[in-house]
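Peer 1: Coordinates for the following, if possible.
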Amino acid sequence: QLQLAESGGGLVQPGGSLRLSCAASGFTLAYYAIGWFRQAPGKEREGVSCISIAGGRTIYATSVKGRFTISRDNAQKTVFLQMNSLKPEDTAIYYCARFVGVQASCTIRPNDYQYWGQGAQVTVSS
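Peer 2: Residues are numbered from 1 along each chain as shown. Below is the predicted model of the structure:
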């Protein structure tokens, strides 16, 4: 059964760091680009970052560029999102998702993704 499972969320103070993990099962992770998205209360889901099949291409939303880093370990079937210098406005539920088809590159448009995890809560507050 195809599954994506996020972990690593939690409560952190402004300026702190968290690392989210997205564990993939039921399909060959190496064949698919993966994206990270987030949704804050009362707001639409927005793209945060994505990584291509081999990890050679990454895209970041302007709001997180320079603070977040996406990476992948296809052997471990896991994609990571390292989040540094966290701000209160980063508070949201974070989701990982699988790109709709087998394609070398990626986007951060939610409509380009077909399978989603259940999400991990990230709260940045003092």
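Peer 1: Just give me the neighbour total for the closest residue to residue 27 other than its chain neighbours.
Peer 2: In space, and not counting its chain neighbours, residue 27 is closest to residue 2: 5.2 Å by CB to CB, 6 or more residues apart in numbering. Backbone N, C-alpha and C define where each C-beta goes, glycine included. The tally of other residues near residue 2 (other CB atoms under 10 Å) stands at 10.
Peer 1: got the contact list for residue 2?
Peer 2: 25, 26, 27, 98, 115 (CB atoms under 8 Å, 6 or more residues apart in numbering).
Peer 1: let's see it at 6 Å
Peer 2: 26, 27, 115 (CB atoms under 6 Å, 6 or more residues apart in numbering).
Peer 1: Present these as a markdown table; the columns should include distance to residue 94, neighbour count and secondary structure.
Peer 2: Shown next, in a markdown table, are these (distance: CB to CB, whole Å; neighbours: other CB atoms under 10 Å; DSSP: H, G, I helix; E, B strand; the rest coil):
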| residue | distance to residue 94 | neighbour count | secondary structure |
| --- | --- | --- | --- |
| 26 | 21 | 11 | coil |
| 27 | 21 | 15 | coil |
| 115 | 16 | 16 | strand |
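Peer 1: Mind putting these into JSON lines with pLDDT and distance to residue 69?
Peer 2: What follows is those, written out as JSON lines (pLDDT from 0 to 100; distance: CB to CB, whole Å):
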{"residue": "26", "pLDDT": "96", "distance to residue 69": "26"}
{"residue": "27", "pLDDT": "94", "distance to residue 69": "24"}
{"residue": "115", "pLDDT": "95", "distance to residue 69": "23"}
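Peer 1: Check those residues against residue 47 and report the nearest one.
Peer 2: Closest approach between the contacts of residue 2 and residue 47, by CB to CB: residue 115, at 15.6 Å.
Peer 1: To which secondary structure element type does the residue nearest to that closest one when sequence neighbours are not counted belong?
Peer 2: Among residues not flanking residue 115 along the chain, residue 98 sits closest, at 4.4 Å (CB to CB, 6+ apart). Remark: residue 98 carries the secondary structure label strand [criterion: DSSP: H, G, I helix; E, B strand; the rest coil].
Peer 1: That'll do, ta.
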